[in-house]
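Engineer: sequence first, predicted model second:
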Amino acid sequence: MKDNVDDMTRKGRRNDIGPYGTKSCTAKFTDEQIYKIRENKSSHWSVCKELALEYNVHPETIWSILKRKTWKHLHDPE
């Protein structure tokens with residue numbers, strides 16, 4: 001069994017957590033939008049509310065992006 005899992009992982013066929021980011025059918029953002037949101041270094045609630053209005057999402061969604069609770073697979077470009 002372990003050999004099968006290791007082989008599946010090595011070949012990139014393992015998908016325990018399902019699609020994420022733009023590969024998810026429920027994604028509301030593009031990678032570029034996430035980078036733009038993260039340009040705001042402040043996660044103060046007023047900033048979250050302002051960005052939430054701009055992107056038509058709940059402020060908690062923006063807060064989660066800024067705190068890297070979601071979209072954590074994206075790393076800031078260097």
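Structural biologist: Thanks, I have it. Numbering: from 1, shown residues only.
Engineer: list the buried residues for stretch 28-35?
Structural biologist: Within stretch 28-35, the residues that count as buried by 16 or more other CB atoms under 10 Å are 29, 33-34. Every residue, glycine included, has its C-beta placed from N, CA and C.
Engineer: rebuild those residues as TSV, extending it with secondary structure, distance to Glu60 and pLDDT.
Structural biologist: Formatted as TSV, the buried residues of stretch 28-35 follow (DSSP: H, G, I helix; E, B strand; the rest coil; distance: CB to CB, whole Å; pLDDT from 0 to 100):
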residue	secondary structure	distance to Glu60	pLDDT
Phe29	coil	14	94
Gln33	helix	17	95
Ile34	helix	16	95
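Engineer: closest one of those residues to Ser43?
Structural biologist: Ile34 (14.1 Å; CB to CB).
Engineer: okay, now the nearest residue to the closest one once chain neighbours are set aside: neighbour count?
Structural biologist: The spatially closest residue to Ile34, leaving aside those adjacent along the chain, is Trp71, at 4.9 Å (CB to CB, 6 or more residues apart in numbering). Trp71 has 20 neighbours, counted by other CB atoms under 10 Å.
Engineer: in three-state terms, label Trp71 for me.
Structural biologist: coil (DSSP: H, G, I helix; E, B strand; the rest coil).
Engineer: shaky segments in the chain?
Structural biologist: Counting by pLDDT under 70, the chain has low-confidence residues at 12, 14-18, 78.
Engineer: please consider this matter closed, and thank you.
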